[in-house]
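Trainee: For reference, the sequence and a predicted model appear below.
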Amino acid sequence: MRRPSSQAALLLFLMSVLLLTLPVPSRAADGTAATHPHFPTPALLTANVEFWKQIYSDFGVGDFVLHDRDNLGIIYDVVRVEEAKNQARATALARPEIQHLREKYARILADLSAGALPGDLGEDAVQVAQLWGCPCSPDLLKRAAGSIRVQQGLREKVEEGIQRARGLMPRIVSILRRHEVPVELAALPLVESSFNPHARSKAGAVGLWQFIRSTGKRYLTISRRRDDRRDPIRATEAAARFLRHNYEALGSWPLAIIAYNHGPEGIQAAKAAVGSGAIEDIIAYYSGPRFGFASKNFYAEFLAALEIVRPLIGKHAPPHETHTRLASAPKPS
């Protein structure tokens, strides 16, 4: 065998060094590629994240998506009405067709669960059977018949939120960096308020980060004369502290995110009940009080929002920014 020349040997050595120093894409615990070291996308949640990306980007106020409550990869139909601004008016216009389709697909699923052949029920039944990968369990189909949910599109609301975010993002990213928490958390207000500092929910959550009064009073001044939840700067400072507290108590950023919706004590209870700190296990197996559709989907919504907001965040934070002190944050026992 012919030996390489000294120059060729040197070139091979340099190439091997270069390959060893190239960054390796981080991976989630289950082996899936992570969107960010702190915020992986478990395989179980991939369909959910894609669903919310569609709701945020593809479907607008006049679009109503009929889907399975537990498996967001199952979309039965979309009702569309000619209304692009008023959510309540669009809902009223769509309601009769939504009710008709909900009953139709519930009936198809019930018939399939009773043993009817898809071809005997028509083309819609064939499509439903294909969605579920039938032949499948009668119990699964029976459950699905009672789990048809409708989600209105949010495209216009998200577009308005992105416009507001352009002016807020420099300060938000600066505050998150100062508190040494991941700058990707700057995407959370898109889920919470569409970056509206004056937003108020039916549950009484207020401001950009949607603090309820009891949580907000731990970090902010809330009185008859002053409500710091409406101040985007003070509220961001509070959110950074609250999320950092969640992370230190729960040991991971996915759990810190979901605890923002469900409360850190609630997620501690979920970890204990399931016997796991993996977010996909908690979402799949935990059925505790108040842990419903909103809580189960909160992390997936955040990941979808992060994909949309990431370019704005990137303008104000160094690429691949890391937070070295996070590695030394205390872990729960």
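Mentor: Structure received. Numbers count the residues shown, from 1 in each chain.
Trainee: And the helices in the stretch 101-250 of the chain?
Mentor: All helices of the stretch 101-250 of the chain, identified by DSSP state H, counting those that start in this stretch, fall at 118-121, 123-131, 138-145, 155-178, 188-192, 213-216, 232-250.
Trainee: List the buried residues for the last one?
Mentor: Neighbour counts over helix 232-250 (16 or more other C-beta atoms under 10 Å) mark 232, 234-240, 242-244, 246-247, 249-250 as buried. In short, each C-beta sits where N, CA and C put it, glycine included.
Trainee: what does the fourth one give?
Mentor: By neighbour count with 16+ other C-beta under 10 Å, helix 155-178 contains the buried residues 155, 157-158, 161-162, 164-165, 168-169, 172-173, 175-177.
Trainee: Give me the pLDDT for residue 3.
Mentor: At residue 3, the pLDDT value in this model is 42.
Trainee: before we move on, the earlier item: JSON lines for the helices of the stretch 101-250 of the chain, including mean pLDDT?
Mentor: Listed next are those as JSON lines, based on pLDDT from 0 to 100:
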{"stretch": "helix 118-121", "mean pLDDT": "95"}
{"stretch": "helix 123-131", "mean pLDDT": "97"}
{"stretch": "helix 138-145", "mean pLDDT": "96"}
{"stretch": "helix 155-178", "mean pLDDT": "96"}
{"stretch": "helix 188-192", "mean pLDDT": "98"}
{"stretch": "helix 213-216", "mean pLDDT": "92"}
{"stretch": "helix 232-250", "mean pLDDT": "97"}
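Trainee: Adding distance to residue 61, write these out as CSV.
Mentor: Written out in CSV, the entries for the helices of the stretch 101-250 of the chain read as follows (distance: least, C-beta to C-beta, whole Å):
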stretch, distance to residue 61
helix 118-121, 33
helix 123-131, 26
helix 138-145, 27
helix 155-178, 5
helix 188-192, 17
helix 213-216, 30
helix 232-250, 25
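Trainee: quick one on the thing from earlier: if we only consider the buried residues of helix 155-178, which is nearest to residue 39?
Mentor: If you rank the buried residues of helix 155-178 by distance to residue 39 using C-beta to C-beta, residue 176 comes first, at 13.5 Å.
Trainee: Can you tell me the closest non-neighbouring residue to the closest one?
Mentor: If you skip the residues right next to it in sequence, residue 176 has residue 183 as its closest partner in space, 5.1 Å away by C-beta to C-beta, 6 or more residues apart in numbering.
Trainee: Now for the nearest residue to residue 75 once chain neighbours are set aside: which residues touch it?
Mentor: For residue 75, ignoring the flanking residues on the chain, the nearest one in space by C-beta to C-beta, 6+ apart is residue 67 at 4.8 Å. By C-beta atoms under 8 Å, 6 or more residues apart in numbering, residue 67 lies in contact with 51, 74-76, 148-151.
Trainee: Include pLDDT and neighbour count when you put those into a markdown table, please.
Mentor: As requested, the contacts of residue 67 are arranged in a markdown table below (pLDDT from 0 to 100; neighbours: other C-beta atoms under 10 Å):
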| residue | pLDDT | neighbour count |
| --- | --- | --- |
| 51 | 98 | 23 |
| 74 | 97 | 18 |
| 75 | 98 | 16 |
| 76 | 98 | 22 |
| 148 | 98 | 21 |
| 149 | 98 | 13 |
| 150 | 98 | 19 |
| 151 | 98 | 21 |
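Trainee: which among those gets closest to residue 118?
Mentor: Taking C-beta to C-beta as the measure, residue 118 sits nearest to residue 76 out of those, at 14.1 Å.
Trainee: Now the closest one: which helix or strand?
Mentor: According to DSSP states H and E, residue 76 maps onto strand 75-80.
Trainee: so how far is that strand off the chain centroid?
Mentor: Relative to the centre of its chain, strand 75-80 is centred 21 Å away, using C-alpha atoms, centre = their mean, to the nearest Å.
Trainee: other SSEs contacting that strand?
Mentor: Secondary-structure packing of strand 75-80 (3 or more C-beta pairs under 8 Å, 6 or more residues apart in numbering; DSSP states H and E): strand 63-68, helix 87-113, helix 123-131.
Trainee: right, so these: which one is the most enclosed?
Mentor: Neighbour counts (mean count of other C-beta atoms under 10 Å) averaged over each of those peak at strand 63-68, with a mean of 20.
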